[in-house]
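Engineer: Below are the sequence and a predicted model for it; my questions follow.
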Amino acid sequence: MSKNCTGACRLVLRADEKRYLIVMSVVSKYNRIAPVYELIDLPLELLFFRRWREEALSCLSGKVLEVGIGTGRNLKHYSLRCSVTGIDYSEKMLEKARKKATDMNNVTLILMDAENLEFPDNSFDYVVITFVLCSIPDPVKALKEMRRVLKPSGEMIAIEYVRSNNRLIACFEDLVNPVICSLSGDNMNRKSIENIRTAGFTIREVEDLIYEDFFKKARAKP
Ligand SMILES: C[S@@+](CC[C@H](N)C(=O)[O-])C[C@H]1O[C@@H](n2cnc3c(N)ncnc32)[C@H](O)[C@@H]1O
């Protein structure tokens, strides 16, 4: 606590305290919307996302880390050749994922911060993220952690919302972003592909999915 010249009190937070508050505000949004999360984008899920998840994940095998697993929508798309560790920082989202994983012996779910992954270096064959970089407060920090825990031979697979290169769509994203972000914690206009590069990954493939380049799938090497 500090006082300015008028004598008013001002709370001075350290950087780590500020970061903790920002992360917790995102987590509490997800805890709040967890009961209705799967209803919010159900039309998009049925029309597009489900197919993209299946195409990206059904061929994987080995040790998979899914970061920001949410309610576990991806779980049914992994084959039994995968040993899946799913992490999320929202207990309420994880609760939903736990229900889906009840009979899945190859799945472990853990409450964990993506920006501080509690795994040794070179642990996983794949890191999977779907619609996650838009919500993590410091996506580059989280991506560096993902890169650290990937084996050198491993691969990251991402399906993400991104800021479009189309100026009209980008304007629309900027316009609706404050509303979407305050409701759900999702930023629709992040430069996630650039963030993946900034974290040190080598991008092997980027595919535009729909709506010009609003949704992208990327594959990257650590
Ligand atoms: C938009 S949801 C996506 C959920 C899921 N991947 C899917 O495809 O439906 C984003 C998820 O990221 C999680 N998340 C946000 N920040 C996080 C952090 N710092 N650490 C771990 N998970 C985080 C949220 O709790 C939420 O479950």
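Structural biologist: That came through, no problem.

Engineer: what about whichever residue of the chain sits closest to the ligand, which helix or strand?
Structural biologist: With CB to the nearest ligand atom, the shortest gap between the chain and the ligand falls at Gly70, namely 2.5 Å. For glycine as for every other residue, the C-beta is placed from the backbone atoms N, C-alpha and C. Using DSSP states H and E, Gly70 sits within no helix or strand.

Engineer: Ignoring the adjacent residues along the chain, who's closest to it?
Structural biologist: Met93 (4.8 Å; CB to CB, 6 or more residues apart in numbering).

Engineer: Flag every residue of this protein that's near the ligand.
Structural biologist: Contact residues (CB under 6 Å from any ligand atom) of the chain with the ligand: 23, 26-27, 30, 68-70, 73, 87-90, 93, 113-115, 130-132, 135-136, 186.

Engineer: Which elements pack onto the biggest strand by length in the chain?
Structural biologist: The longest strand of the chain (DSSP state E) is strand 150-161. Using 3 or more CB pairs under 8 Å, 6 or more residues apart in numbering; DSSP states H and E, the elements in contact with strand 150-161 are helix 50-57, strand 124-130, helix 192-198, strand 215-221.

Engineer: show me where this structure has strands.
Structural biologist: 2-3, 9-10, 62-67, 82-88, 107-111, 124-130, 150-161, 202-208, 215-221.

Engineer: Nearest to Lys141, out of those?
Structural biologist: strand 62-67 (12.1 Å; CB to CB).

Engineer: Show me what the closest one is packed up against.
Structural biologist: strand 82-88, strand 124-130, helix 139-149.

Engineer: residues in contact with Tyr126?
Structural biologist: By CB atoms under 8 Å, 6 or more residues apart in numbering, the contact list for Tyr126 reads 60, 62-65, 150, 154-157.

Engineer: Repeat the analysis, applying 10 Å as the threshold.
Structural biologist: 57, 60-66, 78, 82, 84, 150-151, 154-157, 219 (CB atoms under 10 Å, 6 or more residues apart in numbering).

Engineer: Likewise for Leu44?
Structural biologist: 50, 131, 210, 215.

Engineer: residue contacts, the nearest residue to the last one once chain neighbours are set aside?
Structural biologist: Right, Phe215. Once flanking residues are discounted, Phe215 sits nearest to Leu209: 4.0 Å by CB to CB, 6+ apart. Listed by CB under 10 Å, 6+ apart, the contact partners of Leu209 are 48-49, 51-52, 159-161, 215-217.

Engineer: Write a ChimeraX command that selects only the buried members of these.
Structural biologist: The ChimeraX command for the buried members of these (criterion: 16 or more other CB atoms under 10 Å) is given here:
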select :48,49,52,159,160,161,215,216,217
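
Engineer: lowest-pLDDT helix or strand in this protein?
Structural biologist: strand 2-3 (a mean of 50; mean pLDDT, DSSP states H and E).

Engineer: Now do the spatially most central residue of the chain, the pLDDT please.
Structural biologist: Taking CA atoms, centre = their mean as the criterion, Val132 is the residue nearest the geometric centre of the chain, at 1.8 Å. Looking at Val132, its pLDDT stands at 95.

Engineer: you'd agree it is up against Gly86?
Structural biologist: No. Contact criterion CB atoms under 10 Å: Val132 and Gly86 do not qualify, at 11.4 Å.

Engineer: which stretches of this protein have low pLDDT?
Structural biologist: Across the chain, the ranges flagged by pLDDT under 70 are 1-10, 211-212.
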